[in-house]
Structures are given as structure tokens and as C-alpha cells.
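Take this sequence and fold it.
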Amino acid sequence: MKTRALFGEAARLVPVLLAVALTLGAAGGYHVIQRIPIPGDSGWDYITADSQARRLYVPHGTEVVVLDLDSDKVVGEITGLKGVHGVAIAREFRHGFISATDPGSVIMFDLKTLAVLNKERVGDDPNGIIYDPLTRRVFTADRGSKRLTAIDAQTGKVAGTVEDLGGRTEHLASDETGHVFLNMQDVGKLHKIDAKNFKVLETWSVAPPCGQPSSMDIDRAHSRVFIGCRSGLFAVVDGSSGKIVDTQPIGLGVDALEFDPKTGLIYVSTGAGDGALSIFHEEGPDKYALVQTVKTLPGARTMALDHKTGRIYLPVADVGPAPDPTPDNPRPRPRMVPGTFSVLVVGR
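Sure, this is the predicted structure:
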């Protein structure tokens, strides 16, 4: 009987051990596989991978450079811009949208021709930008005006705003069931917003432990909000209650995070120090484990995930010494070495 019991226990463990092995195999072995050069010496911010259309959008100072995800070749540019930050894709309307600080606009363009179709004034310094397919609206976090702006994805016109949000707006994400979650970086709070009626439904404090909440994505199946915190943590928040259910250490200087629901992997890019890409696995809605840390490069703080290939793209440049601090810029970034702007590719 004892032997039979042990055999039965071993049999029950086989699926568990197999699942663990498959998870480690899927996540393990990531490394930098190439560096794609891109002309120009302007700064950069958030890049966006359109895995279905096989396009990578790289905002770069006064333009958005478009790469083919299969060939890694530049296939177009959207030029004549100023202070570009991010790109959102509304494929059903064949429109893309760019957030730009000039001092604050959302530029709508044609996904096929890359021609600019409309430029809409929004709040000052729109930064994060997403598309919500439920409301068919594009949302921008206008940190200069401390507000959220919604753009009709068909017309490119403002559909509504959420004003007086009480802090520096940062990253945002949609659960695609009628809610937009928005980080308030300087006050350590998370807003849950009614995406249809432009109302703040809940405001939760996430600091401490999540100081300066920055990057964000969502596990929509389990209502878990993933936040990269500038205090050096990856935090998981229950999207129904606002409770922090898990935290994991990451590097400093986080500015992007993406979740792959097919593999249960969460990718978090941090650009401080030597630069690192932390890869976590969702063991369950309230349990997460680090499976690999990939050394990248200093300043590789933002990223995009190609959901088809599992490759991660990080804009980066070689940097020299930082200029001296000034009252207007107390924490200056290091200077870019001319001719070194590129996109780092991490894969297996």
C-alpha cells in the first residue's frame, strides 16, 4: 500500500513538473540577438509593436520611424512632428495615433500610407497613449494638464476628458470591459476610470510599497493590473479591490511593461545602471516568479513585445556623461553619442 501511495503521488506530480519545465523552457534562454541601427540623434520614448500587421513604430524626436517586424528594415517615416511620445493602433479604422508634446496634440495617421490625417489639440504634454476597442476611443494621459483625454478613433476628434486628476499622469491601460486604469506617478495612486462616461470610479493608494508607479499592463482574464514602480518593484494589483497581491524586485528606471496572456510571461524593462529586462511568470493570479533577467544596455527603459515571435524590442543609444544639473533640469539625462540610436532585439 505504501508503494502504491508513493507511485500515486509521483503520478500526480508529473503534470506539475511538466508545466514548470515548459514554463522555464519558454522563458529561459532570452538574450540580445541584434541591434537595428536607426538614423538620427533625437531622443525616444515608447515604441509599439503591431504584431498582426508586422509593424514596429519607433517615436524618435520629430518623427516616427516604422520598421517591418519580419525583415527588421525601415519601411517608412512619419515626419514633421515635435516631441513625440507614443503610438496607439486602431486597426478597425485603419488609423494610428501619436501623442506629441507641442505643447499637446494627438496626430491621427493612415496605417497604410502613413499620411497624417488630423492633428487634435489635447491637454499639455500627452505621454502614454492606448486604444480601447470597447469604446472605440484613444486615451492619452496628459501629464502637463493632469487629465485624461479621449479621442474618437474614427474621426480623430476629442470625445471627452477627465479633468483635475490630482497628480502627474503616467501610464494607462484598458481592461476592455469599460475601464481605464491610470497611474499617478508623483502621488503614488492608481485611478480606475469609467471609459464610457469619463468618471473616476476608484482611487487607490499603491505607495508604499509601489513608489512612483510608472509602466502598466493588464491580465484581463483575472483582472490583475501589473505596474512597474520606480521604487524598484514590480507590483500586481487586484483590479476589482485595488489590493496589492504580490510584489517582486526589479531594477531602477522602469518605463515599460508588457504581458503575454498566451505564455503568462510579464516583461519589465529598466534602464538605470547597466539596463535590464526582467521576465516574470504568472504562477496564478496572486503569485508571480522571476524566471530570467536579461542584461540590456543603459537607457533601455522602454520596450515593445511582438506577440507573434516573443521577441522584445528596446530603443537605446550609447551615452556619454550627463550634463551638469540646472534649476530647470535637476536630473539631466546622459548625452547621446551621435550615430548610435538603435533598437535592441531580445529573443531566444
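
who touches the helix or strand hosting residue 291?
Per DSSP states H and E: residue 291 is located in strand 287-295. If you take C-beta atoms under 8 Å, 6 or more residues apart in numbering as the criterion, strand 287-295 is touched by 23-24, 27-32, 234, 236, 246, 248, 265-266, 274-283, 346. Quick note: C-beta positions are derived from backbone N, CA and C, even for glycine.

switch the cut-off to 7 Å
Residues outside strand 287-295 that contact it (C-beta atoms under 7 Å, 6 or more residues apart in numbering): 23-24, 27-28, 30-31, 236, 246, 248, 274-283, 346.

partners of that strand, with directions?
Sheet pairing of strand 287-295 (DSSP bridges) gives strand 276-284 (antiparallel).

Would you pull up how far the partner strand lies from the middle of the chain?
Remark: strand 276-284 is offset 15 Å from the chain centroid, using C-alpha atoms, centre = their mean, to the nearest Å.

Let me see the mean pLDDT of it.
Per-residue pLDDT values over strand 276-284 give a mean of 98.

now do stretch 139-148
Mean pLDDT, stretch 139-148: 96.

What's the end-to-end length of that stretch?
Stretch 139-148 has its terminal residues 7 Å apart, counting by C-alpha to C-alpha, to the nearest Å.

Give me the contact list for it.
With C-beta under 7 Å, 6+ apart, stretch 139-148 has contacts from 99, 103-104, 106, 122-130, 132, 149-150, 161-170, 172, 180, 182, 193.

Let's see that with 6 Å instead.
Stretch 139-148 has contacts (C-beta atoms under 6 Å, 6 or more residues apart in numbering) with 99, 104, 106, 122-130, 149-150, 161-163, 165, 168-169, 172, 180.

hang on, the earlier thing: and the strand holding residue 291, C-alpha only, in CSV?
Provided in CSV are the C-alpha atoms of strand 287-295 (Å, rounded to 0.1, in the frame of the first residue of the first chain):
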residue,chain,number,x,y,z
LYS,A,287,1.6,34.5,-7.4
TYR,A,288,4.5,35.5,-9.6
ALA,A,289,8.0,34.3,-10.1
LEU,A,290,11.1,35.7,-11.7
VAL,A,291,12.4,33.3,-14.4
GLN,A,292,15.1,35.4,-16.1
THR,A,293,16.9,38.7,-16.1
VAL,A,294,18.5,39.8,-19.3
LYS,A,295,21.3,42.4,-19.4
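
buried sites along it?
Judged by neighbour count using 16 or more other C-beta atoms under 10 Å, the buried positions of strand 287-295 are 288, 290, 291, 292, 293, 294.

Bridged to residue 48, which residues?
With DSSP bridges as the rule, residue 48 is bridged to residue 57.

What residues does it make contact with?
57, 87, 304.

hmm, 10 Å instead?
Under the criterion of C-beta atoms under 10 Å, 6 or more residues apart in numbering, the neighbours of residue 48 are 55-59, 64, 86-89, 96, 98, 129-131, 304, 313.

which of those count as buried?
Buried members of the contacts of residue 48, counted by 16+ other C-beta under 10 Å: 55-59, 64, 86-89, 96, 98, 129-131, 304, 313.

So which of these are in helices?
Among those, no member falls in helices (DSSP state H).

Test my guess that residue 217 contacts residue 225.
Yes. Between residue 217 and residue 225 there is a contact at 8.0 Å, judged by C-beta atoms under 10 Å.

just curious, which of the buried residues of strand 287-295 is nearest to residue 41?
In terms of C-beta to C-beta, no member of these lies closer to residue 41 than residue 294, at 26.2 Å.

any idea how far that closest one lies from residue 282?
18 Å (C-beta to C-beta, to the nearest Å).

just residue 118 next, same as before
39 Å.

Of those two, give the one with the bigger neighbour count.
Using other C-beta atoms under 10 Å as the criterion, residue 118 and residue 282 rank with residue 282 on top: 23 against 15.

What residue, apart from its backbone neighbours, is nearest that one spatially?
Among residues not flanking residue 282 along the chain, residue 264 sits closest, at 4.2 Å (C-beta to C-beta, 6 or more residues apart in numbering).

can you check residue 67 too?
Residue 67's closest residue in space is residue 56 (C-beta to C-beta, 6+ apart), at 4.2 Å.

show me the contacts for the one you found.
Taking C-beta under 10 Å, 6+ apart, we find residue 56 in contact with 36, 47-50, 65-69, 72, 74-75, 87, 304, 306, 311, 313, 315, 343, 345.

Buried ones only from those residues, please, as a PyMOL command.
This is how PyMOL selects the buried members of those, with burial counted by 16+ other C-beta under 10 Å:
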select buried, resi 36+47+48+49+50+65+66+67+69+74+87+304+306+311+313+315+343+345
